[in-house]
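# Need coordinates for the following:
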Amino acid sequence: MRPIGWYITPIGRFESYSCDLAIVYVAKQGKMASALRVSVESLAEHLVQEVALDGQETFVKPLSMSDNLTKLAHKIDFSTSEEEPTEAAKDAKKELDTPDSKEATPTSFQPPTWPWESVRNKLRMALTEMSVLSDILQISRWAKEPPYMVLDPVSQEAPPPVKQVQIIQLVDKKTSLTSAASILLKGAQGMTRPQNVAAGTAKVNQESEFHAALHRLRLHWRLKKVGNNILGDLSFKTAGSRFWHSGMFEVTKTPEEDMEDTPERKACPLKVTVPSDLEGTSYIQVLIKEGEAEIATAFAIQSSRSKVSEDPHWQERLEAAQNVLFCKEAFAQIAREAVQLKSPIPHLVVGNQIICNIFPGVQLCITLCHDTSMDKQIEPMVKAKHSHALELSLHHLLRELHRSNLNGQTPRPVTASHTISKRRRLAGPQAMSLKQLAEMQQTECLLEKLLKQAKHIVLRSRTALVIDELSGKLQDTCLMGHWSALTQPLQTTVKIYVTSTGYESLGRSSLQLIIDVDYIRAINKDGRIIKLSHEQQELRDLLLCQVSQHQVNTVSTLSKAMGMQILQYNFHVGVGPVAKLGNASAIMIATPNGNRKIAVRSDPLEGIQVLVQGAKVSQSATCSPKSNVVTDFKWESLPSGYHEVNMSRMPGKNFLNKMELLLATLAQQ
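Predicted coordinates:
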């Protein structure tokens, strides 16, 4: 059997991956045609999407089954309709069915049914039914005159028959009961109308008062509604606090039985419920003591929150609860730092008390006092040595800690990381050393700042004590200390003036003291800086030396004013007995005629010694008679040895007044 010809007819649509071809094989023998379906598919390769410059090819990923199904569904065209076969097509089909036509022409094969054709037909049928239903509803609803179509309800089974007599009796009873009820209700309304009006007015007033009080509460405190409850927040979390306590309180409406006003109090429509551990009053006591003597005392509390009445107002109660929370947070932070901080003498934390050693024999005691009872209120007793600066620092340090937790440094540029500060960014351009970088990383905690302030307070109190003691002890001089009104928490400046009573215009000596944390810097008049420790004796010795030099300096000024001759003037005498403290100062003066000389030596511990040379010796003091050979008087006044003057027996208010009388007497001889 030899084939006469091949005819290839496409079936369906050609896609990018595969296509179906119908190959018609026509044979001579038997005059019959057979169709053989052959599936032609592309190679299992991906399409090339892009070829890079280096020759690398980028392929397009094949579609998945769901993506391919979606793609085919999008190709459905519902606008095309099924076409009826025409008469010419039917005749052509009949001719093809005849035996002669089969022998003459090859058979024309119809393509198989499209896979989505049934789906399209069902959707079109559903669309047709919905359109008909919509038209029916439109006509029956809007076309009223004349009615083209009427909708009848579905017939149901009729209810079982009821006896007419029972219905009449039921209607009669209902009418009678209705008339009787209307008469009773009318009388009851007349009796209860005044009470209802009063109760309704009171209820409306109570409701309005509750909302007004709630509005006032929201102006001062943070509130939120959780379900049917109204909760508030007492904590400092929005300010940067990281304390564990939530600080939540509940706001409820006061019951009606508690809304009666009494002479002692006025009823409040709000009722505030705070946690049990925040009830009562609390404060932090900071005490600096040396042995049994107290140096300074401070209380971290506000006067408006120091006590709570037995039946407090909601504002008073919330303020007291927030103060308790503040004190607990501050004490917990200080206690945690006291345990972690390393010091030569370990800090002691026992219960609600923290003990720290700042100087030898000086302790800092921090105590948390909390009282939950309402009958007996605790109020901190303000003592004579109460430090308001330390009290302010307690509040300021905790607020500063909150601010550092909340607000970081603004980075430069703004796209930089927040972990690097400005000083660390400038470490490279400024060529900082490793030591400077290590110091930069160290940050001071709350307890360290508090200890520094306590040390400064101790040094300041010791300085004031030494100045007061010397002012009362010294009789010839006057010490005046001028404290700076504008001070810093860790630095105070005081300027000391040394003058003589009654001779202030002759001169005064000045000394400036800068009180730091661990030491005191003394700046002399000549610019020299002396660094002192925390010991009181060092400051006392320095002031005594300044007083000693001031005495000699004042005598020099007085001598010049009286016309005396200054032969020698020195603050550091190298002859005579060695001074036990510092250096002795001396001055030698001569009278205008040169007959008398006065030597003044001032020692910081031994005091002032005055010697006079050339004093006339009486005849009773000498055994030799008057010479007949030497008759000139000047030979009798030859300089002799120095004689000490007993200044305690001389008249005068102070040393400078006595020196003035002495110089005047010697100048007249």
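# For Ile566, name its beta-bridge partners.
Ile589 (DSSP bridges).
# so how many other residues sit close to it?
13 (other CB atoms under 10 Å). C-beta: built from backbone N, CA, C; applies to glycine.
# and if you look at the one 10 residues further on?
The local packing of Gly576 (other CB under 10 Å) involves 11 other residues.
# unless I'm mixing things up, Lys224 is touching Phe249, no?
No. Using CB atoms under 8 Å, Lys224 is not in contact with Phe249; the gap is 11.6 Å.
# what about these two, which has more around it?
Phe249 (22 against 10).
# For the helix or strand harbouring that one, name the packing helices and strands.
Using DSSP states H and E, Phe249 falls within strand 248-253. Packing partners of strand 248-253 (3 or more CB pairs under 8 Å, 6 or more residues apart in numbering; DSSP states H and E): helix 164-220, strand 229-233, strand 270-273.
# buried residues in the helix or strand that contains Leu470?
Take DSSP H and E as the rule and Leu470 turns out to sit in helix 446-473. Within helix 446-473, the residues scored as buried using 16 or more other CB atoms under 10 Å are 446-447, 449-463, 466-467, 470.
# where does the stretch 401-550 of the chain have low pLDDT?
Along the stretch 401-550 of the chain, the parts satisfying pLDDT under 70 run over 405-421.
# three-state assignment of Arg521?
Look at Arg521: counting by DSSP: H, G, I helix; E, B strand; the rest coil, its state is strand.
# in the sheet, who's paired with it?
In beta-bridge terms (that is, DSSP bridges), Arg521 pairs with Ile514, Lys531.
# Do a quick rundown of the strands in the stretch 551-669 of the chain.
Remark: strands assigned in the stretch 551-669 of the chain by DSSP state E, counting those that start in this stretch are 565-570, 585-590, 597-603, 607-613, 642-644.
# Next: the stretch 351-500 of the chain.
353-359, 362-371, 477-483, 492-500.
# which residues sit against the first one?
When you say that, I think you mean strand 353-359. Strand 353-359 has contacts (CB atoms under 8 Å, 6 or more residues apart in numbering) with 288, 331, 334-335, 338, 343, 345, 347-348, 363-368, 447, 451, 454-455, 458, 534.
# buried subset of the residues you listed?
Buried members of the contacts of strand 353-359, counted by 16+ other CB under 10 Å: 288, 331, 334-335, 338, 347, 363-366, 368, 447, 451, 454-455, 458, 534.
# Of the strands of the stretch 351-500 of the chain, which is nearest Ile598?
Among the strands of the stretch 351-500 of the chain, strand 492-500 comes nearest to Ile598, with 17.8 Å by CB to CB.
# Show me which residues of the closest one are buried.
Residues of strand 492-500 classed as buried by neighbour count (16+ other CB under 10 Å): Thr492, Thr493, Val494, Ile496, Val498, Thr499, Ser500.
# In three-state terms, label the residue nearest to Lys452 when sequence neighbours are not counted for me.
Nearest non-adjacent residue to Lys452, counting by CB to CB, 6 or more residues apart in numbering: Val517, 4.9 Å away. Following three-state DSSP, the label given to Val517 is coil.
# Tell me how many other residues crowd Val517.
Val517 - counted by other CB under 10 Å - has 17 other residues nearby.
# swap in Gly232?
21.
# residues in contact with it?
So Gly232 contacts Leu217, Trp221, Arg222, Leu223, Lys224, Met248, Phe249, Glu250, Val251, Val272, Leu318 (CB under 8 Å, 6+ apart).
# one more time with 6 Å
Trp221, Leu223, Phe249 (CB atoms under 6 Å, 6 or more residues apart in numbering).
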